[in-house]
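Enquirer: Quick one: sequence plus predicted model below, questions after.
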There are 2 protein chains.
Amino acid sequence: MQIAEPLQNAIDELSKLPSIGRKTAQRLALFLLKSDKKYVEDLSKSLLDLKEKIRECKICGNISVEEVCDICNSPKRDKTTVCVVEESSDVIAIEKTNEYSGLFHVLGGVLSPLLGKGVDDLNIKQLFERIADSSINEVILALNPDTEGETTTLYLAKSLKEQFPHLKITRIARGIPIGGDLEFSDDATIGRAVLSRIIL
Amino acid sequence: MQIAEPLQNAIDELSKLPSIGRKTAQRLALFLLKSDKKYVEDLSKSLLDLKEKIRECKICGNISVEEVCDICNSPKRDKTTVCVVEESSDVIAIEKTNEYSGLFHVLGGVLSPLLGKGVDDLNIKQLFERIADSSINEVILALNPDTEGETTTLYLAKSLKEQFPHLKITRIARGIPIGGDLEFSDDATIGRAVLSRIIL
């Protein structure tokens, strides 16, 4: 069968997005076809703006409109603590909690021999320079607790300790998630939660 | 917390799409932020093209690049049969089966007092004119088998019979879906399947 070419194009482009299959792409394209022209234009422009107006903060690697991002620029943030994360999405996740008021450092990934990502492919050198040049006295490692995140955490902890012996290096707690259930948690998580128990 | 404005805009616009919540919108926006500029431009353009290049076929109401759509224009289609559907997406669904070679007529919805859709809001007048002016001798009603689809089917069947007594009017079969299971089908579907049994 033949689908009108502009519709087929839109379906093809939309189905390249993560978690959007061909059926969903078709539904989205038909929805847009019926939408106001104004909305389609706004959507289209907002996507282009992503690439045109956003860059990496030259200090922390987080996404930013200006050369230096709002968090690095803010006088209200605690400049003695930096939280190291994999991606900008992790910054958003931590910021949403309102529990952290320090700075961030976005690595842009984790060490991964499989994906060919080594130390030089990540924002690691910049992290060391930043610590050397500033009043940072605590580094919180907040990488995902998977194999590669763990490897990167151990590598960073070791290298940071060697180079800055007086730096406080911490990692975010691993344990049973809030609202989680002991019965349905995996052994590794429960084991870690027991080992990391805290005094009340 | 503050998200960079262009990112926030893109998330807002994306989350207006059907079945895209705020979390998915954020994931898509961050994916686009990391994608090639070329891809984001292609995607953006393909969406604008939907509104700019596609219109309704003046004969059948299906989506079309030209004034008359490929199906209405094709010399290979059976011009004596027209299949009435609610939306262009239904044309795509039927075309994919390769079981139908006639023409289509897209109503643009169904009769719905709740949504304030009456006879004049749908492509119904055009359907009657089309049948009067052409060699169409069978109308297949292929609306969704929900309450409003049923009402519209009954209305069309009655009006068409009155105006064109010699026209063959059919509807697509309702029954157990292929691969479906009697045990898990609802009573109405099983009842209809028994009533509509065919001789082997």
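Expert: Nice, I can see it.
Enquirer: And the helix or strand harbouring A:Thr151, what's buried?
Expert: Using DSSP states H and E, the element containing A:Thr151 is helix A:147-163. Neighbour-count burial for helix A:147-163, counted by 16 or more other C-beta atoms under 10 Å in any protein chain shown, picks out A:148-149, A:152-153, A:156, A:160. Every C-beta, even on glycine, is put in place using the N, C-alpha and C of the backbone.
Enquirer: Stretch A:15-28 too?
Expert: A:15, A:17, A:20, A:24-28.
Enquirer: Which parts of chain A are helices?
Expert: For chain A, the helices defined by DSSP state H cover A:5-14, A:22-34, A:37-53, A:70-73, A:88-97, A:124-133, A:147-163, A:187-195.
Enquirer: now the last one: how far from the chain's centre is it?
Expert: In this case it means helix A:187-195. 25 Å (C-alpha atoms, centre = their mean, to the nearest Å).
Enquirer: Then the shortest one?
Expert: Its chain's C-alpha centre lies 16 Å from the corresponding centre of helix A:70-73 when counted by C-alpha atoms, centre = their mean.
Enquirer: Output the contacting helices and strands for that helix.
Expert: Contacts defined by 3 or more C-beta pairs under 8 Å, 6 or more residues apart in numbering or on different chains; DSSP states H and E place helix A:70-73 against strand A:102-106.
Enquirer: Can you check what angle separates the strand it packs on from helix A:88-97?
Expert: 160 degrees (axes from the mean of the first three to the mean of the last three C-alpha atoms, to 10 degrees).
Enquirer: Name the strands paired with strand A:102-106 and say parallel or antiparallel.
Expert: Paired neighbours of strand A:102-106 in the sheet (DSSP bridges): strand A:78-85 (parallel).
Enquirer: so the strand it pairs with versus helix A:147-163, what angle?
Expert: Using the same axes, to 10 degrees, strand A:78-85 lies at 140 degrees relative to helix A:147-163.
Enquirer: so what pLDDT did A:Phe184 get?
Expert: With respect to pLDDT, A:Phe184 has a value of 83.
Enquirer: Look up how far chain B lies from it.
Expert: 22 Å (C-beta to the nearest C-beta, to the nearest Å).
Enquirer: any idea how far the residue most central in space within chain A is from chain B?
Expert: Centroid-nearest residue in chain A: A:Glu87, 2.3 Å away (criterion: C-alpha atoms, centre = their mean). Separation of A:Glu87 from chain B (C-beta to the nearest C-beta): 7 Å.
Enquirer: picking that back up, want to throw the buried residues of helix A:147-163 into TSV with distance to B:Arg55?
Expert: Below are these laid out as TSV (distance: C-beta to C-beta, whole Å):
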residue	distance to B:Arg55
A:Glu148	50
A:Gly149	51
A:Thr152	53
A:Thr153	56
A:Leu156	57
A:Leu160	62
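Enquirer: Looking at the residues you listed, which is nearest B:Ile92?
Expert: The nearest member of these to B:Ile92, counting by C-beta to C-beta, is A:Glu148 at 42.0 Å.
Enquirer: list the contacts for that closest one?
Expert: A:110-112 (C-beta atoms under 8 Å, 6 or more residues apart in numbering or on different chains).
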